[in-house]
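Peer 1: One predicted model, sequence on top.
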Amino acid sequence: MATETIEELIKQTLNTIPWQTTLQLTLPAKHVPFVLHGPSILTGYRVPYKEWKYFFLSLFQLHNETVNVWSHLIGCIIISVKLYGYMDEFDVDKDYVMSTLLMFGISCLICLFTSANVHLLHSKSPYVHFVAFMVDYMGATISSFGSGIAGIYGLSEARSYRWLMPLYLPVIFISSYLNFVNLCLAKIWYGHDPHNIQRKYMFIIGMSIQALINMAPFVTRYEICFSNENCSMTSLNHLTLIQIVFILEAVTFAAYQPEKTWPGKFDIVGHGHQIFHVLIICNHVFQLDAIYADHDKKKLVSQ
């Protein structure tokens, strides 16, 4: 068979393959609207203004949002498996900790699933981009509220619980709502320029204030442990780990590293927002583990 005939046969075969199953070409940053740019992300952008099917099916394509989407979908699976394990171990009616684990776990699932969908679909157009990230902030706010619930019901010590409980739920509800407003305003005011640092400042300050409120129920445990000679600070490592990971989240969210140092080298895999996503999942898992560990320790003490 002639070489020309073989080449023609291959071309005809490739043309019959549905586009959904073939690797789609992506665009450099200069060919997509400026608002869709990721700082120092030079390539890997999907074609804007395509039909919705194109963006849904891009879940199975390689572009600069692929890792962001799949990291949170995998996070959903991890959280779901952990919750299933807790349900197998605890009785919702008898073990008070189960309701705390469920409430926080569900808030994590909402956050992760919402974020995965936002990163999957936001590149359709600038308008969709803005609306999608407002939805993303709703998911982040629900997760933040759930973290406050975990703090007061699952991680607090008795003195803090008695002192904070009368006002704590209204406080975290109002602070979570105000933080949502702050995130939305930051996006509306500065979101047209992906490089504007003011938006990052508003995000970090708002989320940091919320984190301090969420940590208030259990931070006093350090003071109690420090003043008790029979208590080792290593017994609070599970709480310390949560706070360290949160700080790392803030740093990776703001720094745009390593892509800022090496533009174009981490467009598809390894840029800062992908690292931020992984840290979010780690923090959710560590908080669930902390609630479980404290409950397990209390159970051993009571026996």
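Peer 2: Great, that's in hand. Every value quoted in this text rests on a predicted model; they were computed, and no experiment measured them. Numbering: from 1, shown residues only.
Peer 1: I figured residue 156 was touching residue 218, is that so?
Peer 2: Yes - judged on CB atoms under 8 Å, residue 156 makes contact with residue 218 at a distance of 5.4 Å. Bear in mind the C-beta positions are built from the backbone N, C-alpha and C, glycine included.
Peer 1: shaky segments in this protein?
Peer 2: Applying pLDDT under 70 to the chain flags the ranges 1-4, 6-7, 9-22, 296-303.
Peer 1: can you count the residues close to residue 39?
Peer 2: Residue 39 has 17 neighbouring residues, counting by other CB atoms under 10 Å.
Peer 1: Which strand or helix spans it?
Peer 2: Element membership for residue 39 (DSSP states H and E) is empty, with no helix or strand holding it.
Peer 1: Would you enumerate the residues in contact with it?
Peer 2: Residues in contact with residue 39 (CB atoms under 8 Å, 6 or more residues apart in numbering) are 194, 195, 256, 259, 260.
Peer 1: Without its sequence neighbours, what residue ends up closest to it?
Peer 2: residue 256 (5.0 Å; CB to CB, 6 or more residues apart in numbering).
Peer 1: number of nearby residues for the one you found?
Peer 2: 20.
Peer 1: mind checking how far it is from residue 182?
Peer 2: As judged by CB to CB, to the nearest Å, residue 256 and residue 182 stand 21 Å apart.
Peer 1: do the same with residue 97
Peer 2: Going from residue 97 to residue 182 by CB to CB gives 32 Å.
Peer 1: Check the offset of stretch 61-72 from the chain's centre.
Peer 2: Distance of stretch 61-72 from its chain centroid, counting by CA atoms, centre = their mean, to the nearest Å, is 13 Å.
Peer 1: Can you tell me what sits against that stretch?
Peer 2: So stretch 61-72 is in contact with 23-24, 26, 38, 41, 43-46, 58-59, 112-113, 115-116, 119-120, 123, 267-269, 271, 273-274, 277-278, 280-281, going by CB under 8 Å, 6+ apart.
Peer 1: Check stretch 84-92 too.
Peer 2: 97, 98, 99, 101, 102, 105, 292.
Peer 1: and if you look at stretch 162-176?
Peer 2: For stretch 162-176, the surrounding residues in contact (CB under 8 Å, 6+ apart) are 141-142, 144-145, 148-149, 152, 156, 209-210, 213-214, 216-217.
Peer 1: let's see 7 Å
Peer 2: The contact list for stretch 162-176 (CB atoms under 7 Å, 6 or more residues apart in numbering) reads 141, 144, 145, 148, 152, 210, 213, 216, 217.
Peer 1: From the chain's centroid, how far away is the strand or helix carrying residue 238?
Peer 2: Assigned by DSSP H and E, residue 238 belongs to helix 237-255. With CA atoms, centre = their mean as the basis, helix 237-255 stands 13 Å off its chain's centre.
Peer 1: Put the alpha carbons of that helix into CSV.
Peer 2: The C-alpha coordinates for helix 237-255 follow below in CSV (Å, rounded to 0.1, in the frame of the first residue of the first chain):
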residue,chain,number,x,y,z
ASN,A,237,-0.2,19.1,67.5
HIS,A,238,-3.4,18.3,65.7
LEU,A,239,-4.6,21.9,66.3
THR,A,240,-1.3,23.5,65.5
LEU,A,241,-1.2,21.6,62.2
ILE,A,242,-4.6,23.2,61.2
GLN,A,243,-3.2,26.7,61.8
ILE,A,244,0.1,26.1,60.0
VAL,A,245,-1.8,24.8,56.9
PHE,A,246,-4.1,27.8,57.0
ILE,A,247,-1.0,30.2,57.0
LEU,A,248,0.4,28.2,54.0
GLU,A,249,-2.9,28.6,52.2
ALA,A,250,-2.8,32.4,52.6
VAL,A,251,0.8,32.5,51.4
THR,A,252,0.2,30.3,48.3
PHE,A,253,-3.0,32.2,47.5
ALA,A,254,-1.2,35.6,47.5
ALA,A,255,2.3,34.7,46.2
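Peer 1: Okay, angle between the helix or strand just after it and helix 237-255 too, please.
Peer 2: Sequence order places helix 272-302 as the next helix or strand after helix 237-255, per DSSP H and E. Angle, helix 272-302 to helix 237-255, by axes from the mean of the first three to the mean of the last three CA atoms, to 10 degrees: 170 degrees.
Peer 1: What residues of stretch 40-57 count as buried?
Peer 2: 40, 41, 42, 44, 45, 46, 47, 48, 54, 55, 57 (16 or more other CB atoms under 10 Å).
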